[in-house]
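1. I'd like to go over a predicted model; first the sequence, then the structure.
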Number of protein chains: 2
Amino acid sequence: MGKNLTSRAEDYSKWYNELVVKADLAENSAVRGCMVIKPYGYAIWEKMQAELDRMFKETGHQNAYFPLFVPKSLFEAEEKNAEGFAKECAVVTHYRLENDPDNVGKLRVDPKAKLEEELVVRPTSEVIIWNTYKNWIQSYRDLPILINQWANVVRWEMRTRLFLRTAEFLWQEGHTAHATKEEAVKEAELMNDIYAEFAEQFMAIPVIKGVKTESERFAGAVETYCIEALMQDGKALQAGTSHFLGQNFAKAFDVKYANKEGTLDYVWATSWGVSTRLMGALIMTHSDDRGLVLPPNLAPYQVIFVPIYKSEEQLKAISEKVSEFMQQLRAQGISCKYDDRTTHRPGAKFAQHELQGVPLRIAIGPKDLENNTVELARRDTLTKEIIQMEDITGISKELLSDIQETLYKKALTFRDTHITEVDNFQDFKDLLETKTGFISAHWDGTPETEQKIKELTKATIRCIPMDNKKENGSCVYSGKPSNQRVLFAKAY
Amino acid sequence: MGKNLTSRAEDYSKWYNELVVKADLAENSAVRGCMVIKPYGYAIWEKMQAELDRMFKETGHQNAYFPLFVPKSLFEAEEKNAEGFAKECAVVTHYRLENDPDNVGKLRVDPKAKLEEELVVRPTSEVIIWNTYKNWIQSYRDLPILINQWANVVRWEMRTRLFLRTAEFLWQEGHTAHATKEEAVKEAELMNDIYAEFAEQFMAIPVIKGVKTESERFAGAVETYCIEALMQDGKALQAGTSHFLGQNFAKAFDVKYANKEGTLDYVWATSWGVSTRLMGALIMTHSDDRGLVLPPNLAPYQVIFVPIYKSEEQLKAISEKVSEFMQQLRAQGISCKYDDRTTHRPGAKFAQHELQGVPLRIAIGPKDLENNTVELARRDTLTKEIIQMEDITGISKELLSDIQETLYKKALTFRDTHITEVDNFQDFKDLLETKTGFISAHWDGTPETEQKIKELTKATIRCIPMDNKKENGSCVYSGKPSNQRVLFAKAY
């Protein structure tokens, strides 16, 4: 198990791929670029969903569901959006298979069942949703519309990696409609704040809130807000985005509302989303060479009990105790599981739970029964201690909270020590060769410079931080004047 | 609102379609046969999901996620399953759109981006899942596998109706793998029992548990268990199915396991599902000519508060009271909402909440404030009463429980008075002309007779009830000997 995992130092990318598969999170499927999310991985995603869904509802959003398919004529309607997604979309052209006359037992597309209009499998749902909102919005009374959708989307990526970049992925996409620009901008910022809060409080991942440059913006957006995280290999990962869409989609679908005075105006829009990509961020931020390390707030179970026994009688006595402990833990809102499989030895169980990142492990043997003790192991620090049975609930509660905090602080320290201010292009290049992370540097504000830097170094502008202080300087590449630093990094 | 709804007596089908749209549950989209599930409808579906998900987990199932697409070669693998779904499936053939050179601003399928192998959008996931299970199962230690998936599926239906039959629909599909036939059969029966329990306790819909005849079985199943409900128009609706798949999929994908003795055998399978079709059943079982009637266990909010006021001051005083009441109700686990929209008058609000089936409505006006009373209206019986403010929580709790029970009993009485034993074919035909419902009749057990009866009367065998008593008789159509009655009906 753990010992078979490639180390991060040896090959970070290989370590990640192996870990995802060995920890039973996900695996590749028979379909190019599509993954199977296995029960343990899906249980983490469900925890993420539950928290995000709660946060969305607490801020007035409701869930709904819109069609999987986008007719080509709708897909074309918003030019930039279409341009952004046309190159990598799955297209349904037929609605029937028939027996292949040349190949017994095989099927082929029925040429008589060709669709009049092709259907694109949604890569994102702005167009299908705005085509619907058109019928829902007449006056200011119908606004705002605050809707979220949990769905699957498809983007025909050529190079895929489990969770990080897959042809099909699961996500949520919020789509809101507003009477004023101010309200829409506020909504886009609010949702980006919520993503940041979720990342920090639940995923234990510190993030930098910022806005994207024009060339990194969502296709069809006026402004893209984002949260950027830093992985252990020093590469950045965009963990969530929230877009102020201006009136672009309202204009494309002619969605106007009458204000209190009866004047017609186009509606203002936002959209925002996070996806199963967050799983990748979670894995890469905290895990180590022995396997997954999960923040307690998102662990499918926070405490695992493992019995150590030689006789049936011992197992029975241990099981009775464990049952009591689990009841006590659950009463305190702590999730736990008893690994009483008879098909596996304790050593194999320890290795598995370590690999799967269960925050706390409690082992109980015959000697513990005599002494009223248990052995408690902490996944993040790999430390063990013998504690009294009566202290299990109290200590577990304390440790879980401490693990959550420790993971966050550790990631924060790593992130903060990997932001380097750089003032000339040689240093910029040198730094990317030696120590990766965010580079804070002046930029002249042109897409040309941004593109040139990307070509020369593979680093892109991850964001212009929200809390950026103004500072006069000169562009790290062109030397032209600049009034603020932006964050560069190589990115996932 | 309510008064604009076509009555059931006038045109049941039109009543249903209007109700779904007017109560803001769902609407047709720009995509042929695909619906938009609106927030109010989706909130009901979410309640259904939450309860079912809990029931699945309590019986040891875990959620996972499998790809949306099925490569054609996998789709073909289980012959009957392929045959059953090939005629109505969406097929992805290309992965890119390009600018149409003949048509500025338009896109077309890029002929250079044709897939080597076509992908079918999943109509159901047996094949993609069994192709995956193949790699997960080596020995008895790997069994059972008890997995459920919440997903969207696509079946290219030609005639669609909101919720009842749509090209894309949402559902859950359980897929389990077992070492023995007995265990798999038990699982299939258990899940059908769970569906029945859910239908009766949460949806307040009485159902008949049974097995399907061979010709009504799921494509690829050895036995299909089902729950059948009766709608107010006397037509039956299949509300859920659970399939014992034998070793069909294991054989198609060569999935074998080694038992304790090391002998290899094919794995036994089940699959089971319910879909957004349940929404149709819910609507058609309880609703009336004034709109939706929702069982409290699935209502997005069980109590709606409506303020009646002339001045801002009155509204403020009412709002303060309502805020207290809502806190009290929520403490008792009762969900509620305050309709303090200033854009709508009380009459319009009353009509809307009636149309949307909110179980209890509480109106508070200035006079109520003086008298410490409120007006409480019950949606199912359309009765009103004045009650003391201090009794709101107690009475609401009692009434919600009573409404849930009353709806079930009413539906049960209707169902039970619409099951008629018939012993000759003339009566069978006459009955279908006059009073619809289930017909309990002898059948000779042949698909030919079943088919003939269907052609002549449009009635099909809904199921052979699980608790059927053996009884000698002769087939209602052929006169051949039969040892049990089966249930016929016209069906959705």
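-> Yep, that arrived.
2. Report pLDDT for the residue in the stretch 301-450 of chain A that chain B sits nearest to.
-> Nearest residue of the stretch 301-450 of chain A to chain B (CB to the nearest CB) works out as A:T343 at 4.7 Å. Every C-beta, even on glycine, is put in place using the N, C-alpha and C of the backbone. Looking at A:T343, its pLDDT reads 87.
3. burial measure for it, as a count.
-> 9 (other CB atoms under 10 Å in any protein chain shown).
4. what kind of secondary structure is it in?
-> Here A:T343 is recorded as coil under DSSP: H, G, I helix; E, B strand; the rest coil.
5. What's the local residue count around the nearest residue to it once chain neighbours are set aside?
-> Leaving aside its sequence neighbours, A:T343 sits nearest to B:R141 (CB to CB, 6 or more residues apart in numbering or on different chains; 4.7 Å). The tally of other residues near B:R141 (other CB under 10 Å) stands at 14.
6. Test my guess that B:R141 contacts B:A179.
-> No - using CB atoms under 8 Å, B:R141 is not in contact with B:A179; the gap is 9.9 Å.
7. residues contacting the residue nearest to A:L74 when sequence neighbours are not counted?
-> Among residues not flanking A:L74 along the chain, A:V127 sits closest, at 4.9 Å (CB to CB, 6+ apart). Contacts for A:V127 (CB atoms under 8 Å, 6 or more residues apart in numbering or on different chains) come out as A:70, A:74-75, A:77-78, A:81, A:249, A:252-253.
8. distance of the residue nearest in space to the middle of chain A from A:G41?
-> What sits nearest the mean C-alpha location of chain A, by CA atoms, centre = their mean, is A:L278, with 1.6 Å. Using CB to CB, to the nearest Å, A:L278 is found at 12 Å from A:G41.
9. ok so, going back, shouldn't the residue nearest to A:L74 be within a helix?
-> Yes - with three-state DSSP as the criterion, A:V127 is assigned to a helix.
10. So it versus B:L360, what's the distance?
-> 40 Å.
11. Chain B contacts on the stretch 101-250 of chain A?
-> Within the stretch 101-250 of chain A, the positions lying close to chain B (CB under 8 Å from any CB of the partner chain) are A:105-107, A:109, A:118-121, A:128, A:131-132, A:141, A:147, A:151-152, A:154, A:156, A:168, A:170.
12. change it to 6 Å
-> When proximity is defined by CB under 6 Å from any CB of the partner chain, the stretch 101-250 of chain A lies next to chain B at A:106-107, A:109, A:118, A:131-132, A:141, A:152, A:156, A:168.
13. pLDDT averaged over the biggest helix by length in chain A - what is it?
-> Identified as the longest helix of chain A according to DSSP state H is helix A:392-416. If you average the pLDDT over helix A:392-416, you get 98.
14. before we move on, what about stretch A:365-376?
-> Here the average pLDDT along stretch A:365-376 is 96.
15. ok now that stretch, how far from the chain's centre?
-> Its chain's C-alpha centre and that of stretch A:365-376 lie 40 Å apart, by CA atoms, centre = their mean, to the nearest Å.
16. Which residues does that stretch contact?
-> A:308, A:314, A:317, A:362-364, A:384-387, A:389 (CB atoms under 6 Å, 6 or more residues apart in numbering or on different chains).
17. Any quick ChimeraX command for the buried ones out of these?
-> Under the burial definition 16 or more other CB atoms under 10 Å in any protein chain shown, those of the contacts of stretch A:365-376 that qualify are selected in ChimeraX by:
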select /A:308,314,317,362,363,364,387,389
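18. Of the contacts of stretch A:365-376, which belong to helices?
-> Short answer: the contacts of stretch A:365-376 in helices (DSSP H) are A:314, A:317.
19. Please convert the contacts of stretch A:365-376 to JSON lines, extending it with distance to A:K87.
-> Output for the contacts of stretch A:365-376, formatted as JSON lines (distance: CB to CB, whole Å):
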{"residue": "A:I308", "distance to A:K87": "57"}
{"residue": "A:Q314", "distance to A:K87": "63"}
{"residue": "A:A317", "distance to A:K87": "64"}
{"residue": "A:I362", "distance to A:K87": "52"}
{"residue": "A:A363", "distance to A:K87": "54"}
{"residue": "A:I364", "distance to A:K87": "57"}
{"residue": "A:K384", "distance to A:K87": "53"}
{"residue": "A:E385", "distance to A:K87": "56"}
{"residue": "A:I386", "distance to A:K87": "60"}
{"residue": "A:I387", "distance to A:K87": "58"}
{"residue": "A:M389", "distance to A:K87": "61"}
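20. quick one: the residue lying closest to A:A179 once chain neighbours are set aside from chain B, how far?
-> In space, and not counting its chain neighbours, A:A179 is closest to A:L143: 4.7 Å by CB to CB, 6+ apart. Distance, A:L143 to chain B, using CB to the nearest CB, to the nearest Å: 11 Å.
21. Which phi and psi values does A:L143 adopt?
-> phi -110, psi 150 (degrees, to the nearest 10).
22. Would you mind splitting chain A into its domains for me?
-> Domains of chain A are assigned by automatic domain parsing as A:12-286, A:296-414, A:419-489.
23. Which residues outside the longest helix of chain A are in contact with it?
-> Counting by CB under 6 Å, 6+ apart, residues outside helix A:392-416 touching it are A:204-206, A:230, A:285-286, A:295-297, A:302-303, A:325, A:328-329, A:332, A:334, A:359-360, A:380, A:387.
24. and these, which are buried?
-> Buried, going by 16+ other CB under 10 Å: A:204-206, A:230, A:285-286, A:295-297, A:302-303, A:325, A:329, A:334, A:359-360, A:380, A:387, out of the contacts of helix A:392-416.
25. circling back: tell me which two of the residues of the stretch 101-250 of chain A next to chain B sit farthest apart.
-> Based on CB to CB, the longest span within those runs between A:K106 and A:R141 and measures 57.0 Å.
26. Chain A: helices as residue ranges?
-> A:12-22, A:39-58, A:72-75, A:79-86, A:126-136, A:181-201, A:248-252, A:277-286, A:312-331, A:346-355, A:366-371, A:392-416, A:425-434, A:447-457.
27. Could you single out the most deeply buried of those helices?
-> helix A:277-286 (a mean of 25; mean count of other CB atoms under 10 Å in any protein chain shown).
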